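Q: with the sequence up front, the predicted model follows.
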Amino acid sequence: MKVIKTKIKDLVVIEPKIFGDERGFFYEMFQSERYKNAGINENFVQDNRSRSAKGVLRGLHFQKNKPQGKLVSVTIGEVFDVAVDLRKDSETFGQFESVLLTGENKLQFYVPPGFAHGFCVLSESADFQYKCTDYYDPSDESGLIWNDPDLNIPWPISSPLLSEKDMTLPTLAEIKYKIINGWEQ
């Protein structure tokens, strides 16, 4: 596999080695030793899969006190995937990286613990899957509004389909103090 570094430390894109011929293809979606050698030394505890329709935007989600690292990919369809650095001591705090994940390119995006994460669907539908480093805890969830003007993420859609929860998420400026000083403050 090929590991592609981004401008944000620890956030990487992984291009797996694909073995294919006229019958189809094969590739390893995860192999613990290879990922450890690539600097992803995580204990993944949960796998999730979702299907979303064209125009759906999910995110930007994170857990406040039990941050989840995620290894994300698309098996069918196409999504614009985004990670925002919320690690309080990071030089790139508040910066984001984006990548196009498709069933065709088979890329993976490793989003370490401490990032907000979201995606929007560009194809008619998309099957999205991800491995998590911690268990989902609904009492610990939070997020950032998708169109935060300070983040200025170049989403490739202007009127996404959002959950009610995602429509009312705060901006980074509104919760920056809590991220830096702790959610109990």
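A: Nice, I can see it.
Q: residue closest to the middle of this structure?
A: residue 117 (4.1 Å; CA atoms, centre = their mean).
Q: just the buried positions in the lowest-mean-pLDDT helix or strand in the chain, please.
A: The weakest-scoring helix or strand in the chain, judged by mean pLDDT, DSSP states H and E, is strand 24-26 (a mean of 81). When neighbours are counted by 16 or more other CB atoms under 10 Å, no buried residue of strand 24-26 is found. Every residue, glycine included, has its C-beta placed from N, CA and C.
Q: do the same with stretch 140-156
A: Going by 16+ other CB under 10 Å, stretch 140-156 has these buried residues: 140, 142-146, 148, 151, 153, 155.
Q: got those residues as JSON lines, with secondary structure columns?
A: Formatted as JSON lines, the buried residues of stretch 140-156 follow (DSSP: H, G, I helix; E, B strand; the rest coil):
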{"residue": "140", "secondary structure": "helix"}
{"residue": "142", "secondary structure": "strand"}
{"residue": "143", "secondary structure": "strand"}
{"residue": "144", "secondary structure": "coil"}
{"residue": "145", "secondary structure": "coil"}
{"residue": "146", "secondary structure": "coil"}
{"residue": "148", "secondary structure": "coil"}
{"residue": "151", "secondary structure": "coil"}
{"residue": "153", "secondary structure": "coil"}
{"residue": "155", "secondary structure": "coil"}
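Q: now those in JSON lines, with distance to residue 13 and pLDDT?
A: Shown next, in JSON lines, are these (distance: CB to CB, whole Å; pLDDT from 0 to 100):
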{"residue": "140", "distance to residue 13": "27", "pLDDT": "94"}
{"residue": "142", "distance to residue 13": "25", "pLDDT": "95"}
{"residue": "143", "distance to residue 13": "23", "pLDDT": "96"}
{"residue": "144", "distance to residue 13": "21", "pLDDT": "97"}
{"residue": "145", "distance to residue 13": "25", "pLDDT": "98"}
{"residue": "146", "distance to residue 13": "21", "pLDDT": "97"}
{"residue": "148", "distance to residue 13": "23", "pLDDT": "97"}
{"residue": "151", "distance to residue 13": "20", "pLDDT": "96"}
{"residue": "153", "distance to residue 13": "17", "pLDDT": "98"}
{"residue": "155", "distance to residue 13": "19", "pLDDT": "98"}
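Q: residue most distant from the centroid, this structure?
A: Most peripheral residue of the chain (CA atoms, centre = their mean): residue 22, 32.4 Å.
Q: excluding chain neighbours, what is closest to residue 19?
A: In space, and not counting its chain neighbours, residue 19 is closest to residue 26: 4.8 Å by CB to CB, 6 or more residues apart in numbering.
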